[in-house]
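Student: predicted structure and sequence below. I'll ask about it afterward.
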Amino acid sequence: MEVIKFNKKIYTLKAVKKAVEEFKNLANFTIKELDGYFEVKIDKIDQEVKDVIKDEFANYALGLMS
Amino acid sequence: MLKNKDFCFKLNKEQKSLEFKINTKIYSLTAIYQTAYLFLDKVYVFLDGEPKKEIKVIMKGKEGQEGEDGKERLKKIASEFYNELLNQLLREKVSQTNAKIREYIVAQALYNAVPNEVDELLKEVEEEDWQADPLGIAKTWEESSSAKASASAEATADRSEAKEKKKKAKKGGKR
């Protein structure tokens, strides 16, 4: 399982949700709000993308911010 | 001598990533977002920190960018990130300065693109056949009066002919 913590002051929930929507075919995502962060847990990851999904997901969410 | 603690990169060997901080009193968050966006295809970028003070940028090489060459490449990209940050900041300033004139130009272009009612009416009038005179109002008085006179003369001639025919008919009936 992978965990990414997005700073609430930098990333919007809308961007994180949109990124989850785009990546939902590759893994299971759960979002929790925790101490100023959106904590995204990624499990049941597709084996083909397990090494890159965390970074690609973060990149995608950041791309939606600009 | 200038002291700049912000312009230094911290290499995280475990994570194979590079970290550096950006002062948000100098660079706006928008400029940081725009710059990060431009680097997304080269490296993985993650942002953290306190937007009111400083943003921590975490950069990680993509697949096939590991080893010493990868670290050097990452440092080079981080330096380019700072340069691009300045570029984006300048763009933002120019955009703010020219905001009003840009809005004016766009408004003018949109206004000219929409045809107004007066233009449409003028176009209709221009397209009409103005030389046609179905009511005969363009004729001179002489033309119109001579035409009326000949028409009335014809009408009286017709009436007198009809009267004569009636008289003949009556005479024939008496015989």
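Tutor: Alright, I've got the coordinates.
Student: ok, which stretches of chain B are helices?
Tutor: With DSSP state H, the ranges of helices along chain B come out as B:29-39, B:67-97, B:99-113, B:117-127, B:141-174.
Student: just name the most buried of those helices.
Tutor: Ranked by mean neighbour count, the helices of chain B are led by helix B:29-39 with a mean of 20 (mean count of other CB atoms under 10 Å in any protein chain shown). C-beta coordinates here come from the backbone N, C-alpha and C atoms, glycine included.
Student: let me see the mean pLDDT of that one.
Tutor: Helix B:29-39 carries an average pLDDT of 94.
Student: for chain A, what lies in contact range of chain B?
Tutor: Within chain A, the positions adjacent to chain B are A:7, A:9-11, A:51-52, A:55-56, A:58-59, A:62-63, A:65-66 by CB under 8 Å from any CB of the partner chain.
Student: return stretch B:75-92 as CSV; C-alpha atoms alone will do.
Tutor: Extracted as CSV, the C-alpha positions of stretch B:75-92 are listed here (Å, rounded to 0.1, in the frame of the first residue of the first chain):
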residue,chain,number,x,y,z
LYS,B,75,20.5,19.3,-9.8
LYS,B,76,20.6,20.8,-13.3
ILE,B,77,16.8,20.6,-13.6
ALA,B,78,16.5,22.2,-10.1
SER,B,79,18.6,25.1,-11.2
GLU,B,80,16.5,25.5,-14.3
PHE,B,81,13.5,25.4,-12.1
TYR,B,82,14.7,28.6,-10.4
ASN,B,83,15.3,30.3,-13.7
GLU,B,84,11.9,29.3,-14.9
LEU,B,85,10.4,30.6,-11.7
LEU,B,86,11.8,34.0,-12.4
ASN,B,87,10.4,33.8,-15.9
GLN,B,88,6.9,32.9,-14.6
LEU,B,89,7.1,35.7,-12.0
LEU,B,90,7.9,38.2,-14.8
ARG,B,91,5.0,36.9,-16.9
GLU,B,92,2.7,37.3,-13.9
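Student: any idea of the mean pLDDT in it?
Tutor: Rounded mean pLDDT across stretch B:75-92 is 92.
Student: is chain A contacted by stretch B:13-24?
Tutor: No - using CB under 8 Å from any CB, stretch B:13-24 never reaches chain A; the gap is at least 9.5 Å.
Student: which one among the residues of chain A next to chain B gets closest to B:Gly136?
Tutor: When those are compared for distance to B:Gly136 (CB to CB), A:Ser66 wins out at 73.3 Å.
Student: how much space separates the residue positioned nearest the centre of chain B from B:Tyr104?
Tutor: In chain B, the residue lying closest to the centroid (CA atoms, centre = their mean) is B:Leu110, at 5.6 Å. Separation of B:Leu110 from B:Tyr104 (CB to CB, to the nearest Å): 11 Å.
Student: quick one: which of the helices of chain B is nearest chain A?
Tutor: For the helices of chain B, the distance to chain A is smallest for helix B:29-39, at 3.9 Å, taking CB to the nearest CB.
Student: now the closest one against helix B:67-97, angle please.
Tutor: For helix B:29-39 against helix B:67-97, the angle by axes from the mean of the first three to the mean of the last three CA atoms, to 10 degrees is 140 degrees.
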